[in-house]
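In: Got a predicted model here, sequence first, then my questions.
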Amino acid sequence: MAELSSEWNNEAYVSLHLVEEMLRMAGLPPRSSYSHWYPEFKIKVPKITANGVVRETDKEVDFLIEDLGRYVNFLVEVKSAKARIDDDARTQLKTYLKYSNTRFGILIDPFSVEIYEYTECPPNLMCTHTIQDPKKIQPVADFLKSFLDKIKMRTIAIHTSKGGVGKTTLVVNLAYELATQGKKVLVIDLDDQANASLSLGVNKAEEFDHASSLKEFEEILESFKDRKEVVEFLKDYDLPNFKYREYIHPSLALNQIISKTSDGRVDVLPSSYKTVDAALANLGGIREKRLDKALRQSGIAKDYDYVVIDTPPSATTIASNGLYAAQYVVIPSQMEYLSVYGIRTPIKRAREVQEENGKRGVILGIVPMMTEKNKLNTTIKQLVKQTFQGMTILPEIRRATAVGQASKARYPLSLYAEHNKAGEVAHQFSDLTKEIVAKINQIESAIGI
């Protein structure tokens, strides 16, 4: 252990010469498209006065850090060489985590680092690191970066301006293929038609199929009235007692199958007829960014490796929420003449988001959907490449009877193909998923996250 000068007895000195340098070296500058620091972040903590009245008091944690690249927010509480990490400091951090509704917190002094997760009391000590010399910061930064990489979450929006191009089919199959790779996947359904929610078994699809009267149909719809789903998630995320798990539903039948070969799973933040702009009309702030903020502030990142967002094919506030929350965008399109013009709009929307916030809206590419081996499709693909030069054309999904049958049966294609002799097309979504993951890894490797 290095001998320390008396300067390290001062918390401000530790913050400046250890903590701030650690954050920068871990790839988290104070103000960028990748991260934000909030020094002396105020947290309202209830306090019981002498006469028994509960009042809120302002407490300050040394830093709130927003890691926009990994979808992780965390608190940092700094201690000095003289006032080291102890049980009082741990209790203090627990209070800050609880009342700021933040999941992760870091205690650091010149000798050690402790990282905690708060989902319920008491907080869980996740990992520790011994600092051999606080003047040698790289090992400390590497420790922090390694922790953040383990809990980072990637968000992908499937976005188009035209319906009927296979958007939801792509969402469902991408989620399934990622889960078979052992990934924890959350599908967020922002489309009020709720086809992704239906396909993944959380919106009473079988009951709708067997409804024999308008009354029965309306009764099913009425059952969604008080359910917590995506609109409530967008409205409630900043409430003090918000618990995101109350809004999320597992794809039970699919997960039962996935569990036989993989540790992955698919969960759903469902939609319904309630998913309309009017539901957000009375909310303050920038309504288009509520999903982005909700995913960061809820602490959801550790639970999922990927979030796949099904956006409506429109320029609504709800659709914009999907784009502002998406680190990456995939654009499905049929290879028809009008599709060349239809691709322009989602590209324009994604680029506008990226210009405003460089860590959102990165376009991974265009997926040719329901293609056929004919001259027209070949010509259109060439036209797309020429029109959108530099844009990646991802592996195509060919038109096949099995694709439509799988969608109708509410099965991912590769799962459907196992039982229905459709081997010639079964690999399509698997190949596409591998290409998407490889492209994400390439992008993140280049920028160091």
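Out: Received the coordinates, thanks.
In: Downstream of the lowest-mean-pLDDT helix or strand in the chain, the next helix or strand is which one?
Out: Least confident helix or strand, the chain: helix 205-210 with a mean of 64, by mean pLDDT, DSSP states H and E. Next along the chain after helix 205-210, taking DSSP states H and E as the criterion, comes helix 214-222.
In: helices or strands up against that next one?
Out: helix 205-210 (3 or more CB pairs under 8 Å, 6 or more residues apart in numbering; DSSP states H and E). No exception for glycine: its C-beta is placed from N, CA and C like everyone else's.
In: Count the neighbours of the residue nearest to Glu21 when sequence neighbours are not counted for me.
Out: Nearest residue to Glu21, sequence neighbours excluded (CB to CB, 6 or more residues apart in numbering): Ile137, at 4.8 Å. Using other CB atoms under 10 Å, Ile137 has 20 other residues around it.
In: residue contacts, Ile137?
Out: By CB atoms under 8 Å, 6 or more residues apart in numbering, the contact set of Ile137 is 18, 21-22, 25.
In: Next one: it from Lys44, what distance?
Out: Distance of Ile137 to Lys44, given as CB to CB, to the nearest Å: 33 Å.
In: do the same with Leu221
Out: Distance from Leu221 to Lys44, by CB to CB: 39 Å.
In: Ok, Lys145 next?
Out: Distance from Lys145 to Lys44, by CB to CB: 31 Å.
In: Tell me which of those two has more neighbours.
Out: Lys145 (18 against 13).
In: Within the helices and strands, which one has that one?
Out: helix 138-151.
In: following that helix, which helix or strand comes up?
Out: Criterion used, DSSP H and E; the element after helix 138-151 is strand 154-158.
In: domains for the protein, by residue range?
Out: As given by automatic domain parsing, the domain ranges for the chain are 6-150, 153-447.
In: By mean pLDDT, show me the worst of those.
Out: Lowest mean pLDDT within those: domain 153-447, at a mean of 85.
In: Show me how far that domain is from its chain's centre.
Out: Chain-centre distance of domain 153-447: 12 Å, with CA atoms, centre = their mean, to the nearest Å.
In: phi, psi of the residue nearest to Glu21?
Out: Per-residue torsions, Ile137: phi -90, psi -20 (degrees, to the nearest 10).
In: Glu11 versus that one, what's the distance?
Out: 17 Å.
In: Show me what counts as buried in stretch 11-20.
Out: Buried residues in stretch 11-20, counted by 16 or more other CB atoms under 10 Å: 11, 13-15, 17-20.
In: Please save the CA atoms from that stretch in CSV.
Out: Output of stretch 11-20 as CSV, limited to C-alpha atoms (Å, rounded to 0.1, in the frame of the first residue of the first chain):
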residue,chain,number,x,y,z
GLU,A,11,-12.7,14.5,0.2
ALA,A,12,-12.5,17.3,-2.4
TYR,A,13,-9.0,16.2,-3.2
VAL,A,14,-10.0,12.6,-3.5
SER,A,15,-12.9,13.6,-5.8
LEU,A,16,-10.7,15.6,-8.1
HIS,A,17,-7.6,13.4,-8.2
LEU,A,18,-9.1,10.0,-8.0
VAL,A,19,-12.8,9.8,-8.7
GLU,A,20,-13.0,12.3,-11.6
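In: which residues touch it?
Out: 7-8, 30, 62-63, 76, 78-81, 83, 108-110, 134-135, 137, 140.
In: Over to stretch 80-99?
Out: With CB under 8 Å, 6+ apart, stretch 80-99 has contacts from 4, 8-11, 13-14, 43-46, 59, 61, 75, 77, 79, 102-105, 107-112, 114, 116, 118, 121-123, 240.
In: other SSEs contacting the helix holding Lys145?
Out: For helix 138-151, the packing partners by 3+ CB pairs under 8 Å, 6+ apart are helix 20-25, strand 112-117, strand 124-130.
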